[in-house]
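Trainee: From the sequence below, what's the structure:
(2 chains)
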Amino acid sequence: MATSTADNPTRNYLNDPRGVKSWLFTRDHKRIGLMFLCLVTVAVSLGAVFALLIRTELTLPGPTVTDSPSLYNRFFTLHGAIMIFLFVLPAIPSSLGNFVLPLMLGAKDVAFPRLNLASLWLFAFGMAFFILTLALGGVDTGWTFYPPYSTGTPTAVTTAVVGAFILGFSSIFTGINFLVTIHTMRPPGMGWFRMPLFLWGLYGTAIIQILATPVLAITLLLLVVERTLGVGIFDAKLGGDPVLFQHFFWFYSHPAVYIMILPAMGIVSEVIAVFSRKHIFGYKFIAYSSLAIALLGFFVWGHHMFVSGQSPLVGMIFSALTFAVAIPSAIKVFNWVTTLYKGAIDLSPAMCFSLMFVFIFGVGGLTGLFLGSLATNIQVHDTSFVVAHFHYTMAGGTLTAFLAGLYYWWPKITGRMYGRRWGQIAAGLVFIGFNLTYFPQFVIGWQGMPRRYYDYELVTDIPFITGWQIISTVGGYLFVGGVVFAAVGLIRSLWTGARAPANPWGAATLEWQCSSPPPSGNFDQPPPVGDCYVFDDWEYDEEKGYVRVTKESEDVVST
Amino acid sequence: MPHDHDQTDGPPLAHHFDSLQQQFDSARLGMWIFLVTEILFFGGLFCAYAVYRANHPAVFVDGHHFLQTPLGAFNTCVLLLSSLTMAWSVRAAQLRRRGTLVAMLGATILCGLVFMGVKAVEYRHKWEHRLVPGQARLQYWFSDEHDPNGVEPPKEFLPDREYIREHLEAAGYTDLTDEQLDRRVANLRTFMAIYFSLTVLHALHVLIGLGVLTWLLLGATRGRWTSGHFTPVDLVGLYWHLVDLIWIYLFPLLYLIH
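Mentor: So this is what the prediction gives:
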C-alpha cells in the first residue's frame, strides 16, 4: 500500500518538480488535467458573461443592452461557441478525466503522455484563436457556422472556424489516449466489467471523439477554403449544397452532445453509489447503456434537420432512432434511483449536484421527446423551447455533473477539504437559479417565442411574456451567482481547508488509495484491485479518513 | 533521453508501462485508431463525392476529360511500388538488417518524391488553364489590378473557356452553344473543387509521410531501428499504407469515371 507517500505528504505532484517549465512541458496526466481545469474555467467565465448579456437584453421587449441586432447575434454566437467548444466538450474528459483515469486504473500515466501534452497545447492554441476572434469583433453566424451565411458574412468566421478545427484535434488526441489506456493498461484483476463506471463513460466518449470529430474537422476545413478561396462544396452560389454542410456538421455535433453527457453520467454513477454507501444497482446495464448511447448517437443527426428539406421518410427514421436513445438514458436514471433506494444517503455537495443532475437531465431528456417527434418539432422548431431543452441537458446536465465531479475529486486534486455548507448552499442556488432561468423558456417557447431574437416586441401577445422573461433573467443571475459561490467556496478551501486524507469519502475505486494530492508517480506499488462498489471494507477514522479495516490477511498475501 | 540507450538492448521502456509487450500493443492500437480518424477525415470528402455523383452525374462525366489518366495511372503504380518497399522496410527492421532498411526507406522516399513530382506536373497544367478552384481570387489578389472594393475578379482570371471548348469538342461534344458551355464550365468548377480538395489533402498526407520517412531514414543510418526497437518503422508503415490505399480509391473515382 502507498503508506510511504502517505507518511510524507509534503512531496506531491503539485510541488515536485517545481518551476514554470516543469508545468508547461510536463507529461504528468495530473498536471495536464489541472491545467485543462484552469483553461476551461476561464472559458466558462467568458461564456457566462455573454450568457448574462443575452439574458439582460431579453429582460424587456425592445432594445435593452444594445440596439444592434448584429451585436446581439455576436453575443449568442460567442456564448454558444465558447461554451460548446471550450467548456462542455473538454470540461469533464480533458480535465477531470485526465486526472482520474490513470489513477482509477492504478496506473502511473495515460498510454501516450506526450500526446496528452500535445492535446493541452492544441487546446490552448485553439483557445487563442477564439480570443483572437473576440479581438477581431466576434462572429455572428451562430455556433453552427451554417453556410451560405458563414461564407459571406464579413465577421471573423475564419479565425473562429480554425480555432474549432484545432480544438477538434485536441479532442481526438484525448480520445485516442483514453481508448488505448483503457484497453491496454487495466491492471491484472480489473476485467472490463470490474471497471469503475466513470471509465465506461470515458470509453464511450472516446469512441465518439475518435469517430465523429474528424468529420467536423474536414467540414470546417472545407468551410475555410470556401470562404477564402471560393472552393464551392457547400455554397449553392458556387455549385455546392448547403444541406450537405448541415449533414456533416450534425454528424459530428449530435454525437458531440454525448461527448458532453456520457462522462457526466459516469461521474453521477460514481458519486451516487459512494454517497448512498450501496453497491451501484445494475452495473452492467449502466455500462452497456453508455455504449448504446455512444453508438445510437451516430444515427440520429437528422433530427436537427427536420425542417431543412429532408425527405419525410428520412425524417421518420431519424425520429424513431431519436426515441430509441431515450431507452439507454432511462436505464441509467432508473439504476441511479434504485441505487438510492434504502441507501445511507449523505447529502454532501457532490451528492447534491448529482441528484440535481438526475432531476435536470430527466426534464431535459423528456422534453427531447417533444423535439424528436416530427409534428411537435415543427411547432417548437427555432423557439426558446429548444434553447431550454438543450440547456437542461448541456448546462444543467454537464455543468452540474462537472461540479459534482469537482466536489468529489477536489480533495484528491488539491489535498484540501472544502466547506461542506458552502457547497450545499451553492447547490441550492444553482438548482433554483437554473430552473428559474430555463423553465420559463419552455413555456414561452411553446407559445411561440423565437430563439435568437434580440427584441420580442412582435410576440408580446404571448400571455405574461415579459413576466416570464424577467423571471428567466433573475434566474440567470442567480444561476451564475451559485456557480461563482461554488467556485469561491472551493478556492477558499486552498487556504482555509483542512488537509484531505487519502480517502475522505470511503470510496472503493483505486484513485482513493494514493495520498491526497497524489505523488508524481501516483502509486509506489500497484494497488490491490477489488470490487469498486463494495464499501463495507472501509470504515471512518477521525484522523485518517476512511481506512480499510477487513481483509488484512488478504493484504498480507497480496503484498 | 531514449537516444542514449544501449543499442543492442531493444526499445526503452517508458516509466508508465509494465512490459515492452504492453508498450508495443499500446503504440500499435493508438496508430490503428489514428488511422480510423484519418479514414473518417477523408470520409467526409468521399461522402461529398458520392452525393454530387448521385445528384449530378454529368459533372463527373465532363470533368474526367480534363484529367491526365496516363499520369494518374503511373502515379498509382509508383505508390503501389512504395507500399512494397515500405513493407520490406518493416521486415528489414524486424530482422535487424540495417543495410536493407536504409535502402528500402530510401526507395520509399524516392517513390513519394516521384509521386509528388507527377502531381506537380498535373497541377501546373490545371493552373495554366485557370481550372484550379480559388485560382481566380488568388491571382487577382496578387495582380496589379487588384481593387480592394471589387468583389469578383474580372474575366481574364476566370477559367479558360476556349481551352474548355476545344477539349470538350475533342471529347465529342461539338457545336456547344454559349449557354451549354456556361453550364459545362460551372460543372467543371464543381468537379475541380472536389478533385482538388481530395488530391491536395492526399498530397499533404504524402508530404507528411515523406517528412516522417526522412526522420526514419536518418535514424536507420545510425542503426536506431535495427536493435529490436522497430515500433516507429512499423507505425509509419501503417500510415504509409493508408495513404497509398486512399490513392487507390481516388484514382478510379476521379480519373476512370465515365
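Trainee: Tell me how far the closest residue to chain B within chain A lies from A:Leu244.
Mentor: Closest to chain B within chain A is A:Leu229: 2.7 Å, counting by Cβ to the nearest Cβ. C-beta here means a position set from N, CA and C on the backbone, and glycine is covered the same way. According to Cβ to Cβ, to the nearest Å, A:Leu229 stands 18 Å off from A:Leu244.
Trainee: show me the contacts for the residue of chain A closest to chain B.
Mentor: B:133-134, B:137-138 (Cβ atoms under 8 Å, 6 or more residues apart in numbering or on different chains).
Trainee: pLDDT score for it?
Mentor: On pLDDT, A:Leu229 comes in at 86.
Trainee: out of the contacts of A:Leu229, which is most surrounded?
Mentor: B:Pro133 (27 neighbours; other Cβ atoms under 10 Å in any protein chain shown).
Trainee: In contact with that residue, which residues?
Mentor: Neighbours of B:Pro133 in contact, by Cβ under 8 Å, 6+ apart: A:225, A:229-232, B:189, B:192-193, B:196.
Trainee: is it fair to say it lies in a helix?
Mentor: No: secondary structure of B:Pro133 (DSSP: H, G, I helix; E, B strand; the rest coil): coil, not part of a helix.
Trainee: Looking at the stretch 1-150 of chain B, which residue is nearest chain A?
Mentor: Closest point on the stretch 1-150 of chain B to chain A, by Cβ to the nearest Cβ, is B:Gly134, at 2.7 Å.
Trainee: Enumerate the residues of the stretch 101-250 of chain B near chain A.
Mentor: Contact residues, the stretch 101-250 of chain B versus chain A (Cβ under 8 Å from any Cβ of the partner chain): B:133-134, B:136-138, B:186-187, B:189-190, B:193-194, B:196-197, B:201.
Trainee: Redo the residues you listed as TSV? Include secondary structure and pLDDT.
Mentor: Output for these, formatted as TSV (DSSP: H, G, I helix; E, B strand; the rest coil; pLDDT from 0 to 100):
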residue	secondary structure	pLDDT
B:Pro133	coil	86
B:Gly134	coil	82
B:Ala136	helix	80
B:Arg137	helix	79
B:Leu138	helix	81
B:Ala186	helix	86
B:Asn187	helix	86
B:Arg189	helix	88
B:Thr190	helix	88
B:Ala193	helix	91
B:Ile194	helix	93
B:Phe196	helix	94
B:Ser197	helix	94
B:Leu201	helix	96
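Trainee: Please identify which pair of those lies farthest apart.
Mentor: By the measure Cβ to Cβ, B:Ala186 and B:Leu201 form the most distant pair in these, at 23.3 Å.
Trainee: So between these two, which is more surrounded?
Mentor: Set B:Ala186 next to B:Leu201 and count neighbours by other Cβ under 10 Å: B:Leu201 wins out with 18 against 15.
Trainee: Now do that one against B:Phe74, distance only.
Mentor: Counting by Cβ to Cβ, the gap from B:Leu201 to B:Phe74 is 21 Å.
Trainee: show me where pLDDT drops low in the chain?
Mentor: With no chain named, the answer covers chain A. By pLDDT under 70, the low-scoring segments of chain A are A:1-9, A:550-559.
Trainee: try chain B instead
Mentor: Confidence mapping of chain B against pLDDT under 70 gives the ranges B:1-10, B:146-156.
Trainee: got the residue ranges for the helices in it?
Mentor: B:20-55, B:57-63, B:69-94, B:98-128, B:135-141, B:161-170, B:178-221, B:231-250 (DSSP state H).
Trainee: got the ones you listed as TSV, with distance to A:Gly530 columns?
Mentor: Formatted as TSV, the helices of chain B follow (distance: least, Cβ to Cβ, whole Å):
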stretch	distance to A:Gly530
helix B:20-55	22
helix B:57-63	61
helix B:69-94	41
helix B:98-128	48
helix B:135-141	64
helix B:161-170	73
helix B:178-221	44
helix B:231-250	34
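Trainee: what's near enough to touch B:His56?
Mentor: When contacts are counted by Cβ under 8 Å, 6+ apart, B:His56 touches B:187, B:190.
Trainee: Tally up the residues packed near A:Thr184, please.
Mentor: A:Thr184 has 21 neighbouring residues, counting by other Cβ under 10 Å.
Trainee: any idea what sits nearest it, other than its immediate chain neighbours?
Mentor: B:Ser26 (4.4 Å; Cβ to Cβ, 6 or more residues apart in numbering or on different chains).
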